[in-house]
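1. Fold the following, please.
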Amino acid sequence: MTNLAIAAHGLRKSYGDKLVLDGVDLEVPAGTIFSLLGPNGAGKTTAVKILSTLVSPGPGSGGIRIGGHDLAADPQAVRAAIGVTGQFSAVDGLITGEENMLLMADLHHLSKRDGRRTAAQLLERFALTDAAQKPASTYSGGMKRRLDLAMTLVGHPRVIFLDEPTTGLDPRSRHNMWQIIRELVDDGATVFLTTQYLEEADQLADRIAVLHGGKIVAEGTAGELKRLVPGGHVRLRFTDPVAYQAAGLALRDAARDDESLALQIASDGSQRDLRSILDRLDAADVEADELTVHTPDLDDVFFALTGDARTDAHTDAHTNDKETV
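-> Numbers count the residues shown, from 1 in each chain. Now for the predicted structure:
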C-alpha cells in the first residue's frame, strides 16, 4: 500500500435520492497516470471532489488515503499534497497571467522572492512568458488551460487531479496538454485524469477505469480493456494462391476472401493467441505476406460496458488499432 498515491475503498455518495457513487474502489500507484472514464453524470467529477477534499464522502464510505495521508484524519495534509485543475478554469481574466500566478503563490504562503521565482519558472515552462503581462481574458482557450495548470503547480503537488482538462480545446492544444501531462509524470507526479475523450485515455493512461451506474464496471490497461470486447481478429494476406490454399487448410476456422487471397480469424490480439496462429502456419510450412492484428478500440469498450449512445461521449476518431508485420 505504501506505493499507492491514491487509495479509496467503498466510496459512496448520494445527492438526494440519486446514488452517484456506489462502493467505488480506486487504487493509483505513485508516478502513474490513472484515467476515470464515464458518460455524462456518471460521477467522475464527484469522485474528484471527494478525493480532493472539496466534498465529503457519503455515509458508509471506506477509508481514503491520498499521498500517504488519511483524508478523514488529516485533510489539511491531503490538501498540501495535491493540486486540482477542473474543466472550468480558475483563472481570473481581469488580471495578468503573472498576477494570477503571484496570487496563487500568496495563497501557498510563499515569500515574495520565492513566489516571483516560482511564477517565472512555471510561466516559462508553459510557454506563457511572452503573455505574462497581458490580461488573462485575452488568452486563447489553450493558453488559459496552461495557465490554470501552471497555477495548480505552484504548491509543487505530488498528486494532481485533472478533471476533463482538455474539454473544448482544439486538437493542437489538446496534444500540447497531453505532452505537459506526460512531463508531469516524468517529474514524479501522479495524475488522476477524468475525461470523455476516449483517445485521451488511450494515449495517456497507465490504467483506466470505467465508471457507470455508480460502480467501476471495468479496470485495466487500455490493452486489457480492449480485449474484453469481442470483434478482434487477425487478417492474413497472401500473394501466392498455393500458399493461400494451404493456409486455409491449416486455419479451417478462418473466414476466407478468395478474391484478395486473405484469411480472417477471430483473435483477442494477445501474444499467446497470435503465437498459436503462427504455430499453425509454421506446421503447414506456410508464411503470410502480410499479417494485421485488429483489436477493438476504447470506443467499442466504452459503449459495450455502458450501453450509452455514441452522442453521450466525445470521440476524436473511431479507428481500430492495427499492427502490420
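2. Need the pLDDT of the residue positioned nearest the centre of the chain.
-> The structure's the chain has its C-alpha centroid closest to residue 201; by Cα atoms, centre = their mean the separation is 2.9 Å. On the pLDDT scale, residue 201 is placed at 92.
3. how close does it sit to residue 149?
-> 18 Å (Cβ to Cβ, to the nearest Å). In this view, the C-beta of every residue, glycine as well, is placed from N, C-alpha and C.
4. Quickly list the domain ranges of this structure.
-> According to automatic domain parsing, the chain comprises the domains 4-226, 233-295.
5. So for the shortest one, mean pLDDT?
-> To tie it back to what came earlier, the one meant is domain 233-295. 92.
6. for the domains of the chain, which one sits closest to residue 304?
-> Among the domains of the chain, the nearest to residue 304 by Cβ to Cβ is domain 4-226 (9.3 Å).
7. average pLDDT for the top helix by length along the chain?
-> In terms of residue count, the longest helix belonging to the chain (DSSP state H) is helix 171-186. Average pLDDT, helix 171-186: 91.
8. Then stretch 31-49?
-> Stretch 31-49 comes out at a mean pLDDT of 91.
9. mind checking which of the domains of the chain is nearest residue 303?
-> Of the domains of the chain, nearest to residue 303 by Cβ to Cβ is domain 4-226, at 9.5 Å.
10. How far does the closest one stretch from one end to the other?
-> This stretch, domain 4-226, spans 25 Å end to end (Cα to Cα, to the nearest Å).
11. what do you get for stretch 253-270?
-> 18 Å.
12. sorry, back to before: quick check: which of the domains of the chain is buried the most?
-> Burial of those is given as mean neighbour count (mean count of other Cβ atoms under 10 Å); domain 4-226 ranks first at a mean of 18.
13. centre of the chain versus that one, how much separation?
-> In terms of Cα atoms, centre = their mean, to the nearest Å, the centre of domain 4-226 is set 11 Å apart from its chain centre.
14. do the same with stretch 289-304
-> Between the centre of stretch 289-304 and the centre of its chain there are 18 Å (Cα atoms, centre = their mean).
15. pull the CA atoms of that stretch into PDB?
-> Coordinates of each C-alpha in stretch 289-304 appear next as PDB, following Å, rounded to 0.1, in the frame of the first residue of the first chain:
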ATOM      1  CA  ASP A 289       2.900 -11.900 -46.900                       C
ATOM      2  CA  GLU A 290       1.000  -9.600 -44.500                       C
ATOM      3  CA  LEU A 291      -0.400 -10.000 -41.100                       C
ATOM      4  CA  THR A 292      -2.600  -7.400 -39.400                       C
ATOM      5  CA  VAL A 293      -3.900  -7.500 -35.900                       C
ATOM      6  CA  HIS A 294      -7.200  -5.700 -35.400                       C
ATOM      7  CA  THR A 295      -8.400  -5.100 -31.900                       C
ATOM      8  CA  PRO A 296     -11.500  -3.200 -30.600                       C
ATOM      9  CA  ASP A 297     -10.700   0.400 -29.600                       C
ATOM     10  CA  LEU A 298     -11.800   2.200 -26.400                       C
ATOM     11  CA  ASP A 299     -14.900   3.500 -28.200                       C
ATOM     12  CA  ASP A 300     -16.000  -0.200 -28.500                       C
ATOM     13  CA  VAL A 301     -15.100  -0.900 -24.900                       C
ATOM     14  CA  PHE A 302     -16.900   2.200 -23.600                       C
ATOM     15  CA  PHE A 303     -20.200   1.600 -25.400                       C
ATOM     16  CA  ALA A 304     -20.200  -2.100 -24.700                       C
END
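16. Fine by me, we can end here.
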